[in-house]
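Asker: Could you work out the structure for the sequence below:
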Amino acid sequence: MEQRIVERIVKSQDKREFKFHRPFGAYVSECTLSDESHQILLKGGEKIKKNRKLQKQNDYRARLAGNLEEEYSYNDALSKEEMTTVVNEFNMMAWAFTQMSQRAIGRNFSWKREDVICLKPLWVNFMKSGEWNPSHNHAGEISLVTYLKVPREINEENTKSKHSQKSNTPTAGKIEFTYGDTIPFSNTGLICTPVEKAVYIFSAKLKHMVYPFKSKKERWSVSCNFANKHTTKMMLDGEGETIKE
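Answerer: Numbering: from 1, shown residues only. I've put the predicted structure just below:
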């Protein structure tokens, strides 16, 4: 039997009860990064910023869609203990995302906690004025983005700047997730305003983009992807490869 989410809404004037269904499309979950992981990732980002050797070694731009001057992996920027702390928290968030599927779209896509794999590497984006990320998706099955530094001037562009304050869609520095066809009585996008320690988790194949900002500031964000251990193992086995436990 098809599983659907049904919610009750206000009754009509003639007392009939109306319901609505949400059986289509993707969903995005949001939560908050812990202070501990936030500080670890900030410290690692600062280490990369100060170390030319790490910058050259960890330059990750060729693997990413972003039109940014600085995008780096966290390789050798964190200790083993620090990386474990962050990855454990990120894995928990990815697992929690799968547990929400029944409530969000009426389908049970939940994974076991131990089956979540955080794909290497984590990477940090140092986004500057005029840079952007075009519409793209990610490798793996689940993706995550969180924000380490968000100068207030960036978000204030949307309410105070001449170029955005009167727009009906002010998007300076915002992230947008898109899905589906544009038809009446539907929504094909979710625009979110980044704030420090906000975390968004979503299907890795969900298209998303990041709009540029004009403020002469720099915003730091971190991203990573996840896979299911068993489905990944089956895929690699089919290609004659193996997965390390």
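
Asker: From now on I want contacts and neighbour counts done on CA atoms only, so please keep to that.
Answerer: Will do.

Asker: my guess is G66 meets G130, correct?
Answerer: No - when contacts are counted by C-alpha atoms under 8 Å, G66 is not listed as touching G130 (11.9 Å).

Asker: out of those two, which sits in the more crowded spot?
Answerer: G66 (20 against 15; other C-alpha atoms under 10 Å).

Asker: so how far does stretch 102-117 reach from one end to the other?
Answerer: 21 Å (C-alpha to C-alpha, to the nearest Å).

Asker: cool, stretch 155-172 as well?
Answerer: This stretch, stretch 155-172, spans 7 Å end to end (C-alpha to C-alpha).

Asker: Centre of the chain to that stretch, how far?
Answerer: 23 Å (C-alpha atoms, centre = their mean, to the nearest Å).

Asker: ok, longest helix in this protein?
Answerer: In the chain, assigned by DSSP state H, the helix with the most residues is helix 80-99.

Asker: in what helix or strand does E157 lie?
Answerer: helix 152-160 (DSSP states H and E).

Asker: Mind listing what's buried along that helix?
Answerer: 154-155, 157-158 (16 or more other C-alpha atoms under 10 Å).

Asker: and if you look at stretch 56-75?
Answerer: Quick answer for stretch 56-75 (16+ other C-alpha under 10 Å): 58-61, 66, 68, 70-75.

Asker: Counting residues, name the longest strand you see in the chain.
Answerer: strand 116-128 (DSSP state E).

Asker: low pLDDT regions in this protein?
Answerer: 1-16, 18, 234-245 (pLDDT under 70).

Asker: quick one: the helices in it?
Answerer: 35-50, 52-58, 80-99, 101-105, 152-160, 229-238.

Asker: Contacts for stretch 147-156, please.
Answerer: Applying C-alpha atoms under 8 Å, 6 or more residues apart in numbering, the external contacts of stretch 147-156 come out as 38, 41-42, 172-173, 193-199, 213-215, 217-222.

Asker: I'd like to know which of those are buried.
Answerer: 38, 41-42, 172-173, 194-199, 213-215, 219-222.

Asker: so of the residues you listed, which ones are in strands?
Answerer: Filtering these for strands - DSSP E - leaves 198-199, 219-222.

Asker: Could I get the residues you listed in CSV, plus columns for distance to A96?
Answerer: Compiled in CSV, these are given as follows (distance: C-alpha to C-alpha, whole Å):
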residue, distance to A96
A198, 15
V199, 12
R219, 27
W220, 24
S221, 21
V222, 19
